[in-house]
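Visitor: Structure, please.
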Amino acid sequence: MPPLQSLEVAVNADRFGFAEVWIGEMASYDAFALAAAAARETRRASLWIGALSPAIRDPVSLALGVNSVSILGGRPAHLALGSSTATIVRKWHGREWGGNLERVAVSIGALRALLAGERGPGGFRLRSAVPGTQIGLAAFGPRMVDVASRLADRLLLNLLTPAQVAQFRARTRLPITVWVPAGLDPGAATLEQVVRELRGYLAAPAYAAMFRQAGLSEPAEIAAAVSALGDLSAVRERIAEYHAAGATTVALVPVTAEDAGGEGLLRALGGKAE
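Guide: This is a model prediction of the structure:
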């Protein structure tokens, strides 16, 4: 989609009364740059940034990024961490891959201190720390879920079926946020966009394994199983399925091929306008 549509989605979510805006990172924006723009263009929504890999960003850079968004938005911003993939960490960024459990645990500990205004590595301290930042963790395997349960404020899941979310709910008492692609009255272009995005995830071993566990292999059937697509009633029903499975928050990822800025979807579900 055109790059600025990402910012339009954030603004529309805030306009229509959604409580949170989640900002990830792939190949268009630096997540903190986009979050800073969203912080200035929105008024009420809490901003969550990530999931970002501590293999790519050290605790000081993560703390600086999320604290910058908090200052610019006049409200605490929140941060999600995750392992990412070997392709992104090793091939794209030229960083070492592996040791993710320890790296995540160490990063969360360092971040807690820095975001509280304490001194961190080498004596660094944020000059104007904004209190209230939460830390979430994206996890697939049971050991990373254990790390999340001990150290994080939320567990973040992506592209799972409601039945799989229920399996994670059985492992942790943390609040769970699940990312779900969503489109209202989808046509061919919407379905094509979802399938195209899913092909990229299929190349990541952890995602491919989760899809196989759910008995899914083809992008089209995966799209139907892990998305909220259809008329308004069908979209609401799928969201309700995720909540019934144990998701605390369903983070909708608007499919914009036929719904610029996600406006139609967000207006229908949010029900508030200014």
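Visitor: in this structure, which spans are strands?
Guide: Secondary structure of the chain, counting by DSSP state E: strands at 20-23, 46-52, 77-81, 135-138, 154-158, 176-184, 228-230, 249-254.
Visitor: For Asp14, find the nearest of those.
Guide: Counting by CB to CB, Asp14 lies closest to strand 20-23 out of the strands of the chain; the figure is 6.6 Å. Glycine gets a C-beta too; all of them are placed from N, C-alpha and C.
Visitor: how far out from the middle of the chain is that closest one?
Guide: Distance, stretch centre to chain centre, for strand 20-23: 7 Å (CA atoms, centre = their mean, to the nearest Å).
Visitor: Assess the claim that Leu79 and Leu62 are in contact.
Guide: Yes: shown here, Leu79 and Leu62 form a contact pair, counting by CB atoms under 8 Å, at 6.4 Å.
Visitor: Who has more neighbours out of the two?
Guide: A count of neighbours by other CB atoms under 10 Å puts Leu79 above the other of Leu79 and Leu62, at 29 against 26.
Visitor: re the thing from before, which of the strands of the chain sits most buried?
Guide: With neighbours defined as mean count of other CB atoms under 10 Å, the strands of the chain peak in mean count at strand 77-81, which reaches a mean of 26.
Visitor: Now the element after that strand, going C-ward?
Guide: helix 86 (DSSP states H and E).
Visitor: Which strands or helices does that following helix pack on?
Guide: Packing partners of helix 86 (3 or more CB pairs under 8 Å, 6 or more residues apart in numbering; DSSP states H and E): none among the helices and strands.
Visitor: Centre of the chain to it, how far?
Guide: 19 Å.
Visitor: next one: stretch 209-223
Guide: Between the centre of stretch 209-223 and the centre of its chain there are 20 Å (CA atoms, centre = their mean).
Visitor: Just the CA atoms of that stretch, as CSV, please.
Guide: Provided in CSV are the C-alpha atoms of stretch 209-223 (Å, rounded to 0.1, in the frame of the first residue of the first chain):
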residue,chain,number,x,y,z
ALA,A,209,5.5,-24.6,11.9
MET,A,210,2.5,-22.9,13.6
PHE,A,211,0.5,-23.0,10.4
ARG,A,212,1.3,-26.7,10.0
GLN,A,213,0.3,-27.3,13.6
ALA,A,214,-3.1,-25.9,12.8
GLY,A,215,-3.4,-28.1,9.7
LEU,A,216,-2.9,-25.3,7.3
SER,A,217,-0.6,-25.1,4.3
GLU,A,218,-2.0,-23.0,1.5
PRO,A,219,-2.0,-19.2,1.8
ALA,A,220,-5.7,-19.0,0.9
GLU,A,221,-6.8,-21.4,3.6
ILE,A,222,-4.4,-19.7,6.1
ALA,A,223,-6.0,-16.4,5.3
